[in-house]
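Trainee: Sequence unavailable; structure follows:
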């Protein structure tokens, strides 16, 4: 798959065969570029070590903050409460759930926007900074929390 994505860098119409790069952001994330005929890769190493801005990364960060709120190290927000309740208001249930293989595909269920939640905007901005067009569209429309 990496070879296919790197091959696509040279085919991006905006680059017209010149140096250029692409960001691929979904469940995971990776940056790929061709500069002076050399192929470069940034990220894409998978969770838990990489994939910043991806859906899986955002989901993991939300779960980390739920546990921080549970510990008293962070204030509860509507989003954090909702995720905590979804796990039966049990911190150990979150830890067990997060240890499952293929966690990434199921993290997005927690990111339904609770109205007025300050963390939603922060996660949205993080996702936009890593190349998410959907996040950028929400920000442009003023839907950040």
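Mentor: Happy to help now that I have it. The structure presented is a predicted model; accordingly, all values stated were derived computationally and were not measured. Numbering: from 1, shown residues only.
Trainee: Counting neighbours, what do you get for residue 63?
Mentor: The tally of other residues near residue 63 (other Cβ atoms under 10 Å) stands at 21. Where C-beta positions appear, they are placed from N, C-alpha and C, glycine not excepted.
Trainee: Give the phi and psi angles for it, as a check.
Mentor: phi -60, psi -40 (degrees, to the nearest 10).
Trainee: Same question for the one 3 residues further on.
Mentor: The phi and psi torsions at residue 66 (degrees, to the nearest 10) take the values phi -60, psi -50.
Trainee: Quick check, it in contact with residue 77.
Mentor: No - using Cβ atoms under 8 Å, residue 66 is not in contact with residue 77; the gap is 9.7 Å.
Trainee: the more surrounded of these two?
Mentor: Neighbours per residue (other Cβ under 10 Å) separate residue 66 from residue 77, with residue 66 holding more: 25 against 19.
Trainee: ok, that one - contacts?
Mentor: 80, 83, 84, 87, 94 (Cβ atoms under 8 Å, 6 or more residues apart in numbering).
Trainee: Distance of residue 31 relative to residue 24?
Mentor: The spacing between residue 31 and residue 24, counted by Cβ to Cβ, to the nearest Å, is 8 Å.
Trainee: Could you list the low-pLDDT ranges of the chain?
Mentor: 1-17, 101-145 (pLDDT under 70).
Trainee: how about the strands of it, start to end?
Mentor: Applying DSSP state E to the chain gives strands spanning 20-25, 29-35, 38-43.
Trainee: who does the last one pair up with?
Mentor: Strand 38-43 has its sheet partners listed here by DSSP bridges as strand 29-35 (antiparallel).
Trainee: and the strand it pairs with with strand 20-25, angle?
Mentor: Here strand 29-35 runs at an angle of 170 degrees relative to strand 20-25 (axes from the mean of the first three to the mean of the last three Cα atoms, to 10 degrees).
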